[in-house]
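[1] Generate coordinates for the sequence data below:
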Amino acid sequence: MQIHNLRDWEVHLKTLNAMKADGEIRYTGITTSHGRFHDELVSVLEKHPFDFVQISYNIVDREVERRLLPVAMDHGIAVIVNRPYQKGHLFRKIRGKSLPDWAGEIDVNSWGQFFLKFIVSHPGVTCAIPATSKVNHMIDNMGAQFGRLPDAAMRKEMLTYFQSLS
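    Below you'll find the model as predicted:
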């Protein structure tokens, strides 16, 4: 069970912790999709025992790498990433652009897989939720779970390549 966008989190946390203690729920989490709430979220995560946090993160929106992901890692908090494609905006940025020749080194066959593998290869990320209503997109997204993941050096190369296209 998660508290959405930090809304009334103090009240909800008491309820969720009681439910967890009674065995009614197993895990508690908290979310935000808004960068303006990151400082508050960091403070909450440092002071309260959440099992997971859901945040927005992608190859462009990387501010969470600075504080949120390290705090989650330090506290053993699982991280669910939403908006990995910036609501489709990333695909508009690369329209007509080819994947780099070296994409095969990390078993990437599409831009969707490129973006997802960049995200899930961060050591602080547990999983990503791409959100789609199209079966062909879901099948392509699932392809990102297979093969090699990029290491830190490859992640830098991915970022540099993507930035060179803009």
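
[2] the helices in this structure, which residues?
    Taking DSSP state H to define them, one finds helices in the chain at 9-21, 38-47, 68-74, 89-93, 111-120, 135-143, 152-165.

[3] Which neighbouring elements make contact with the last one?
    The contact analysis (3 or more Cβ pairs under 8 Å, 6 or more residues apart in numbering; DSSP states H and E) places helix 152-165 against helix 111-120. Heads up, the C-betas are built off the backbone N, CA and C, glycines and all.

[4] how far out from the middle of the chain is the helix it packs on?
    Distance of helix 111-120 from the chain centroid (Cα atoms, centre = their mean, to the nearest Å) equals 10 Å.

[5] now swap in stretch 62-80 and tell me
    Here the centre of stretch 62-80 is set off from its chain's centre by 10 Å, with Cα atoms, centre = their mean.

[6] for it, how far is the first residue from the last?
    Distance between the boundary residues of stretch 62-80 (Cα to Cα, to the nearest Å) amounts to 14 Å.

[7] returning to what we had before: okay, the helices of the chain in CSV with mean neighbour count, distance to Ser56 and mean pLDDT next?
    Supplementary listing: those in CSV, determined by neighbours: other Cβ atoms under 10 Å; distance: least, Cβ to Cβ, whole Å; pLDDT from 0 to 100:
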stretch, mean neighbour count, distance to Ser56, mean pLDDT
helix 9-21, 14, 17, 95
helix 38-47, 15, 10, 94
helix 68-74, 18, 10, 97
helix 89-93, 14, 12, 93
helix 111-120, 23, 10, 97
helix 135-143, 14, 17, 92
helix 152-165, 14, 17, 96
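
[8] Any chance of those helices in JSON lines with distance to Asp101 as columns?
    Putting the helices of the chain into JSON lines (distance: least, Cβ to Cβ, whole Å) gives the following:
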{"stretch": "helix 9-21", "distance to Asp101": "46"}
{"stretch": "helix 38-47", "distance to Asp101": "36"}
{"stretch": "helix 68-74", "distance to Asp101": "30"}
{"stretch": "helix 89-93", "distance to Asp101": "20"}
{"stretch": "helix 111-120", "distance to Asp101": "13"}
{"stretch": "helix 135-143", "distance to Asp101": "19"}
{"stretch": "helix 152-165", "distance to Asp101": "10"}
